[in-house]
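Engineer: got a predicted structure here, sequence first:
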Amino acid sequence: MSDWKTLKEVAEELRISKDLVKYHRKNLGLFQMEKVDGVYRISPSGVEEIRSRLRKESYDATFEEKVLCRLQMIEQQQELMYNLLLETLSERR
């Protein structure tokens, strides 16, 4: 059990905040963490479990921006189509 790590050690290894480690700790299995004298320790398999749940290295940091831009474009097209439909209906009257 000497290779088990504290929350702080896990945070430093994974380059994330201690709060994020605490968040992921809640999803670990019974045998992946322990609490001794008020100190949480995470097993090597627990560290790997947390690592697997983090954002992947290949994640495009601008993904959200691209999605929001595309959504805005779709909304504009939808508004244009709606206005054209209203115009067409008013011409038929």
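Structural biologist: Received, thanks.

Engineer: give me the neighbour count for residue 34.
Structural biologist: When neighbours are defined as other Cβ atoms under 10 Å, residue 34 has 14 of them. Quick note: C-beta positions are derived from backbone N, CA and C, even for glycine.

Engineer: ok, it to residue 69 distance?
Structural biologist: 46 Å (Cβ to Cβ, to the nearest Å).

Engineer: just say helix, strand or coil for the residue nearest the centre of the chain.
Structural biologist: For the chain, residue 55 is the residue whose C-alpha lies nearest the centre (Cα atoms, centre = their mean; 6.4 Å). Secondary structure, DSSP: H, G, I helix; E, B strand; the rest coil: residue 55 is coil.

Engineer: could you do residue 2 as well?
Structural biologist: coil.

Engineer: got the contact list for it?
Structural biologist: Residue 2 sits next to no residue when contact means Cβ atoms under 8 Å, 6 or more residues apart in numbering.

Engineer: kindly report the same for residue 44.
Structural biologist: 3, 4.

Engineer: how close does residue 26 get to residue 65?
Structural biologist: Counting by Cβ to Cβ - residue 26 and residue 65 are separated by 30 Å.

Engineer: among these two, which residue is more densely surrounded?
Structural biologist: residue 65 (10 against 7).

Engineer: any idea of the pLDDT on the more buried one?
Structural biologist: Per-residue confidence (pLDDT) for residue 65: 85.

Engineer: would you map the helices across the chain?
Structural biologist: 7-14, 18-25, 44-53, 63-92 (DSSP state H).

Engineer: show me the domain layout of the chain.
Structural biologist: 1-54, 58-93 (automatic domain parsing).
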